[in-house]
Structures are given as structure tokens and as C-alpha cells.
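Undergrad: below are the sequence and a predicted model for it; my questions follow.
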Amino acid sequence: TDSIIVHSKIGKDAIVKELSIKNLYKFSVIPHGNYIDYYKNRLNRNEARRILKLKKDSFIYLFFGAIRPYKGVIDLIKNFKKIDNQKKLFLVIAGKSQSEDLTKQIKKEIGANKNIFFINKFVLENEVQSYMNSTDIVVLPYRDVLTSGSAILAMSFGKPLIVPTKGDLPEILNKRFTFFYNPNKKGDLLRTMNIAFKNKSKTSKMGKFAY
């Protein structure tokens, strides 16, 4: 190729190492664009929750995007079920599962838990605002990641995040609006989800920083 575009310095370094590229002049680092004004964003929190039939006074975690094994949805469900005060908490998983086996695993892990909503479908453009504006925080528990469009989407809707310290996420996000966790440390996702809930009064302000 004559030119290689990457979204971050971390992405550049990873490709250089993986493919042993010596000509670094080929690279251009161009940050992932945001989605501000691309999707409709007219609904307030109460209107969005009414559409999705979610309780007004609850704290909602959202996973959003196509569902694949490396995105850690099963881990997210397992950890969510361990959080205290389940009556006040809800987990919404919105996105199309990419395999029947994964769908079965997700449904089995959810079981009879009524505080977990699994919307197994491709979310249409005019529906994105309902999910984003109804949630308190977006959780992306990726096992492996470089660039995340879902993280940029959450920022575009002014939502704080819970993400692992992987890929270029630490480069494009910061602690003013992100709860980072160590994916190699057992129990750290659960600990971080608990911290986010305990700091729920701050999530709105964090969201403004994200935007």
C-alpha cells in the first residue's frame, strides 16, 4: 500500500509490530470521528425509558452493538448478577448476536433474571437515541479491542463508560468520564460496576465531559 490510516498511536504501534513495517512514513493517525448530529437525539431520559418500558427511578447499564464472543457479554451478565441492590438495577443488552450458539449461551446465563433485557436485533438508526438516552452508563467489557465505535457513539450521546484498559481506549478516553478496569484482574469488572453505581449522582456530569 501507499498509505495506511489508523485511529490511534496504539493502533499504529500494533500494526508496525505485527507486520514488521519499516516505512513509518506510510502512516497517518486520524482519530475515529464522532456521531454527533448523525443520529437523532431529541428524546429526554424519561421519554426514552417510556419507549423501552424501563423504570424511571432505576440505574441502567447498557451494552450496545453487534454481539460477538470477544465482546464479553457473557462476562457482563455474570458480573451484573453479583451486584447488590438488584431491584434498583437493570442491564440492557441491545444488538444482534452473530451466532445461534452465542444467543443460546446468553439466554441461558440470563435465566429467569427479570432485570436483564436482551434485545437481540440490529438496532435501526431511529432507535439508537432510545437506548442511549435511557441509560445511565454504557458498559463495553471487551476481551479484545483496538478501536471501539460503540465507545465513540456513547460519548456522542454524552454517556460515561465502563471499559477495560485495552487497545486504544485509554488513549481516546479519560477518567473524567470513564471507569476503567483491569481485564486481567479477577473481579475488577464487578468492582468497577459497583463503583459506578455508588457514584450514580456523578454520571450526568461525567456524561457532559464525555460529550
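TA: Ah, there it is.

Undergrad: against residue 185, how distant is residue 139?
TA: Going from residue 139 to residue 185 by CB to CB, to the nearest Å gives 17 Å. Placement of C-beta: from N, CA and C, glycine included.

Undergrad: the two: which is more packed in?
TA: More crowded of residue 139 and residue 185, by other CB atoms under 10 Å: residue 139, with 27 against 10.

Undergrad: wait, that one sits on residue 63?
TA: Yes - with contact defined as CB atoms under 8 Å, residue 139 counts as touching residue 63 (5.6 Å).

Undergrad: any shared contact partners between the two?
TA: Common contacts of residue 139 and residue 63 (CB atoms under 8 Å, 6 or more residues apart in numbering): residue 76.

Undergrad: now do the buried residues in stretch 132-149.
TA: 132-142, 145-148 (16 or more other CB atoms under 10 Å).

Undergrad: hang on, I meant stretch 8-18
TA: 8, 10, 11, 12, 15, 16.

Undergrad: for the residue nearest the centre of the chain, which non-adjacent residue is spatially closest?
TA: By CA atoms, centre = their mean, the mean C-alpha position of the chain lies nearest to residue 140, the distance being 3.2 Å. Nearest residue to residue 140, sequence neighbours excluded (CB to CB, 6 or more residues apart in numbering): residue 163, at 5.1 Å.

Undergrad: identify the residues contacting that neighbour.
TA: So residue 163 contacts 139, 140, 141, 142, 148, 151, 169, 173, 178, 179, 180, 181 (CB under 8 Å, 6+ apart).

Undergrad: that one and residue 136, how far apart?
TA: 15 Å.

Undergrad: and which of the buried residues of stretch 132-149 is nearest residue 109?
TA: residue 141 (13.3 Å; CB to CB).

Undergrad: can you show me the helices along the chain?
TA: Applying DSSP state H to the chain gives helices spanning 9-19, 45-52, 73-80, 100-110, 128-134, 149-156, 169-172, 188-198, 203-210.

Undergrad: send the alpha carbons of the fifth one over as PDB?
TA: As requested, the backbone C-alpha atoms of helix 128-134 are provided in PDB (Å, rounded to 0.1, in the frame of the first residue of the first chain):
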ATOM      1  CA  VAL A 128     -30.400   4.500  18.700                       C
ATOM      2  CA  GLN A 129     -31.500   7.500  20.700                       C
ATOM      3  CA  SER A 130     -34.000   5.500  22.700                       C
ATOM      4  CA  TYR A 131     -31.200   3.200  24.000                       C
ATOM      5  CA  MET A 132     -28.500   5.800  24.500                       C
ATOM      6  CA  ASN A 133     -30.800   8.400  26.200                       C
ATOM      7  CA  SER A 134     -32.400   5.900  28.500                       C
END
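
Undergrad: could you list every helix and strand in contact with that helix?
TA: helix 45-52, strand 59-64, strand 89-94, helix 149-156 (3 or more CB pairs under 8 Å, 6 or more residues apart in numbering; DSSP states H and E).

Undergrad: list of residues touching it?
TA: In contact with helix 128-134 (CB under 8 Å, 6+ apart) are residues 39-45, 47-49, 51-52, 54, 60, 62, 64, 92, 94, 123, 138, 153-154, 157, 159.
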